[in-house]
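Trainee: Sequence plus predicted model, see below.
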Amino acid sequence: MEVDEVMQEAAREAEQAQNSRELYEVKMRYLGRTGKVTALLKSMREISADKRPAFGKTVNALREKLETLFSAHEERAKERELARRLAEERIDVTMPGRRAQKGALHPVTRVKNELIDIFAGMGFEVFEGPEIETEYYNFTALNTPADHPARDMQDTFYISDGILLRTQTSAGQIRLMEKKKPPIKMLSPGRVFRSDDDATHSPMFHQMEGLVVDKGITLCDLQGMLDEFARTMFSSTSKTRLRPSYFPFTEPSVEVDVSCAACGGKGCPLCKGTGWIEVLGAGMVNRRVLENCGVDPEEYAGFAFGMGIERIAMLKYGIGHIRLFTENDVRFLEQFKD
Ligand code: DAH
């Protein structure tokens, strides 16, 4: 009878199905609403009443067998598919991972932070002034009036009449002294700008300004603090030396040298054979500057210093050209990772 043929055909088709989706399609061809078995059941109506029960039983038995057949195939197909997925999506946990690139602080930021640490340890507070300044704060109040030859020491970028890009963080000295009465221990880092460009000068660079104002301050206090700075920044055996110099806002003014860390002071190409390297300018705050800020020079005295942060970084890390700081070359920058 047809029933056996249907069973065999279904078994063959189920065997040939490649995956669960194809298997489902085969199943629907037999057991679906328009499937072959459903059609057989519907044809019962046309069968004579006496044969109907036997026919019905046979067809129902066929349906049950087919259901069993399909679920067995379905189960196997699912197992195969799972096995394939597991094989395809296998992860080798022993493979080395991809490392995320870690950033690093810019050498100027590193040196700036280190300077802040050193001087904060001696009780200095950080104060930041504006990069766009008036002539008054950048020059006049620092004892450098318009006709003063010292103005030519720094080539200035003017924005408009009386407004400029600060050429020195020294401007912050005035701003702070106007706000705060002594005792003062100020550290002022920041960007400064000058029309200047060569291996050791860049039109934009960073300075660190220091200012101490109190009763009875002397040049010895300055040198003591600078010795401490040199020992921490460069080498535990570093020494400092003061040489007379000139700045309009200090009297006396000094140029500060640090013993060359590369040769220990014996003389080498870095220090040009002298054993000393010039690192900053400093001096006792000129009484005119104190007066300009309403501080009585009979009662108070102070010292100030200013250094180029790039210059300190160049000395500390042996960097040959100031442009490296602004080129953003990762090969340079990544050498300063911790
Ligand atoms: N402002 C000076 C410059 O840019 C550096 C300097 C010298 C700062 C002496 C000071 C100082 O505070 O006392 O060249």
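Mentor: Looks like it arrived, so ask away.
Trainee: Hmm, residue 28 is touching residue 35, no?
Mentor: Yes: contact status for residue 28 versus residue 35: in contact at 6.0 Å, counting by CB atoms under 8 Å. From N, CA and C alone the C-beta is placed, and that goes for glycine too.
Trainee: helix/strand/coil for whatever residue of the stretch 51-200 of the chain ends up closest to the ligand?
Mentor: The ligand sits closest to residue 168 of the stretch 51-200 of the chain, with a gap of 3.6 Å, by CB to the nearest ligand atom. Following DSSP: H, G, I helix; E, B strand; the rest coil, the label given to residue 168 is coil.
Trainee: Which residue, other than its chain neighbours, is closest to it?
Mentor: Sequence neighbours aside, residue 192 is the residue nearest to residue 168 in space, at 5.7 Å (criterion: CB to CB, 6 or more residues apart in numbering).
Trainee: In contact with that neighbour, which residues?
Mentor: The contact partners of residue 192, taken as CB atoms under 8 Å, 6 or more residues apart in numbering, are 131, 165-169, 204-207.
Trainee: hang on, the earlier thing: please look at the residue of the stretch 51-200 of the chain closest to the ligand and residue 208 and confirm they touch.
Mentor: No: counting by CB under 8 Å, residue 168 does not reach residue 208; the two are 11.1 Å apart.
Trainee: which residues do those two both contact?
Mentor: Counting by CB under 8 Å, 6+ apart, the contacts common to residue 168 and residue 208 are residue 306.
Trainee: what ranges do the helices span in the stretch 201-338 of the chain?
Mentor: Taking DSSP state H, counting those that start in this stretch, the helices of the stretch 201-338 of the chain run over residues 219-233, 287-292, 309-317, 330-333.
Trainee: List the buried residues of the last one.
Mentor: For helix 330-333, the neighbour count (16 or more other CB atoms under 10 Å) marks residue 333 as buried.
Trainee: same deal with the second one?
Mentor: Using 16+ other CB under 10 Å as the burial criterion, the residues of helix 287-292 that qualify are 287, 289-290, 292.
Trainee: mind putting those in CSV, pLDDT and distance to the ligand included?
Mentor: Output for those, formatted as CSV (pLDDT from 0 to 100; distance: CB to the nearest ligand atom, whole Å):
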residue, pLDDT, distance to the ligand
287, 97, 14
289, 97, 10
290, 97, 13
292, 96, 15
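Trainee: Which one of those is nearest to residue 316?
Mentor: Closest approach to residue 316 among the buried residues of helix 287-292 (CB to CB): residue 289, at 30.5 Å.
Trainee: Determine the number of other residues adjacent to the residue lying closest to the closest one once chain neighbours are set aside.
Mentor: Closest residue in space to residue 289, ignoring its immediate chain neighbours: residue 249 at 5.0 Å, by CB to CB, 6+ apart. By other CB atoms under 10 Å, 24 other residues sit near residue 249.
Trainee: How about residue 211?
Mentor: 25.
Trainee: Before I go, just wanted to say thanks for your time.
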